[in-house]
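Student: Here is the input, now give the coordinates:
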Amino acid sequence: MRPLSVVYRELVLGGHLLALGTASIAGAAAYLFGRSPTVVLLVMAYLFSFGAYMMNRSAEMDQDLASHPERTSYLAKRRRVLPAVVAASFLVGYALAATVSLIFFVALLVPLALSLLYSVGSKRLVGVIGTTKLKQKLLLKNVSIAFGWSLIPILVGLYFGGFDAPLLLLGPFIFLRLMTNTIVFDIRDAEGDRENAVKTLPTELGVARSFDVVGAIDALSAAYLVALLVVGLVPSFALTLILLPIYSAIYRGFAMQSNANLGFICDVVADAEYILWGPLIYIGKLLI
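Tutor: As a prediction, the model looks like this:
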């Protein structure tokens with residue numbers, strides 16, 4: 001196997017692309033707050049995202065076999081060590097967080113709790129939502145993922161020891177962007193979700209209507225950002241983030257084609273949107 005192919009498979013199938021994207025969003029939030037992202041901040045963002053991803057992959061490897069045979073086969077080779085990888089990611093992440101502040105350390109327990117309730121679940125959830133895992137409830141899967149990522153600006157504020165309006169107002173925009181991404185992934189996973197009795201928008205509404213919902217959320221996220229810019233609640237250089245819903249609309253158009261390679265679109269193109277956050281904000285600061 002060629003070296004580039006090995007790197008590509010590890011980057012995409014190994015969960016690193018998503019983790020790097022999370023670090024990029026954290027960097028974007030720091031720039032919007034008027035700070036330069038530190039190495040410690042970016043490493044923590046990477047580790048917590050990577051740990052959460054590996055936790056989910058480890059917990060659902062058997063269920064993923066039908067809908068993600070390539071990824072499952074790739075990760076199955078390290079199945080025995082995945083729990084250790086998850087533990088190491090979170091332990092190192094929390095060790096770094098402990099050097100920042102106690103409140104920052106405690107706040108980071110929220111993403112861990114969400115990851116556990118999403119991937120592992122708890123019988124106590126049955127009395128609240130009727131299922132043992134967050135992902136088994138219609139839309140709650142998408143909302144829980146989007147909510148977890150929308151906490152990044154708050155965590156960045158706690159890391160630097162302060163908050164301002166632009167930083168906090170970034171949260172809803174992140175939430176909307178993650179909602180579109182997770183629904184597109186649900187469209188790709190519709191067959192496997194039906195087999196595993198997981199209710200999602202595509203399994204309940206169908207693919208066409210789900211794409212309509214994604215389009216509506218794309219438009220809403222763009223309108224939200226424009227409104228913030230017009231009112232002056234975020235710096236003008238944040239205008240570059242308008243390219244994110246445009247990027248989403250473009251790959252959604254390709255995903256709607258009958259011969260679309262949804263695996264590549266989701267695992268590479270869609271997840272690559274997160275990588276764009278930091279560079280777009282940084283370019284905006286230089287040019288606007």
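
Student: list the buried ones in stretch 157-177?
Tutor: Residues 157-160, 166-167, 169-177 are the ones in stretch 157-177 that count as buried (16 or more other CB atoms under 10 Å). Bear in mind the C-beta positions are built from the backbone N, C-alpha and C, glycine included.

Student: Select, from those residues, the two members most distant in space.
Tutor: Greatest spatial distance in the buried residues of stretch 157-177: 160 and 176, 24.1 Å, computed using CB to CB.

Student: next helix or strand past the helix or strand hosting residue 216?
Tutor: Assigned by DSSP states H and E, residue 216 belongs to helix 207-231. The element immediately downstream of helix 207-231 (helix or strand, assigned by DSSP H and E) is helix 243-255.

Student: List the buried residues for that next one?
Tutor: 244-245, 247-248, 251-252, 255.

Student: Work out the gap between the next helix-or-strand element following that helix and the centre of the chain.
Tutor: Reading on from helix 243-255 to the C-terminus, the next helix or strand found by DSSP H and E is helix 262-264. Put simply, helix 262-264 sits 17 Å off its chain's centre (CA atoms, centre = their mean, to the nearest Å).

Student: just checking, what packs against the helix or strand following helix 262-264?
Tutor: Reading on from helix 262-264 to the C-terminus, the next helix or strand found by DSSP H and E is helix 271-287. Applying 3 or more CB pairs under 8 Å, 6 or more residues apart in numbering; DSSP states H and E, we find helix 271-287 packed against helix 16-32, helix 165-188, helix 243-255.

Student: what's the weakest-modelled helix or strand in the protein?
Tutor: Within the chain, no helix or strand scores below helix 126-129, which has a mean of 65 by mean pLDDT, DSSP states H and E.

Student: Just name whatever secondary elements the helix or strand where residue 191 lies is in contact with.
Tutor: In this assignment (DSSP H and E), residue 191 forms part of helix 190-195. On a contact count with 3+ CB pairs under 8 Å, 6+ apart, helix 190-195 meets helix 61-67, helix 201-205.

Student: Now the shortest one: buried residues?
Tutor: Spelled out, it's helix 201-205. By neighbour count with 16+ other CB under 10 Å, helix 201-205 contains the buried residues 201-203.

Student: Without its sequence neighbours, what residue ends up closest to residue 174?
Tutor: In space, and not counting its chain neighbours, residue 174 is closest to residue 150: 4.6 Å by CB to CB, 6 or more residues apart in numbering.

Student: show me what contacts that neighbour?
Tutor: 171-172, 174-175, 178 (CB atoms under 8 Å, 6 or more residues apart in numbering).

Student: could you dump the residues you listed to CSV with pLDDT and distance to residue 186?
Tutor: Output for these, formatted as CSV (pLDDT from 0 to 100; distance: CB to CB, whole Å):
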residue, pLDDT, distance to residue 186
171, 96, 22
172, 97, 21
174, 97, 19
175, 97, 16
178, 96, 12
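
Student: so where's the stretch 1-150 of the chain uncertain?
Tutor: For the stretch 1-150 of the chain, the stretches with pLDDT under 70 are 1, 62-67, 121-122, 124-130, 132-136.

Student: Residue 282: how many residues sit nearby?
Tutor: 18 (other CB atoms under 10 Å).

Student: Kindly report the same for residue 113.
Tutor: Counted with other CB under 10 Å, residue 113 comes out at 12.

Student: which residues touch residue 103?
Tutor: If you count contacts by CB under 8 Å, 6+ apart, residue 103 has them with residue 158.

Student: Can you tell me the SS state at it?
Tutor: Classification of residue 103 by DSSP: H, G, I helix; E, B strand; the rest coil places it in helix.

Student: contacting residues for residue 265?
Tutor: Neighbour list for residue 265: 184, 188, 251, 254-255 [criterion: CB under 8 Å, 6+ apart].
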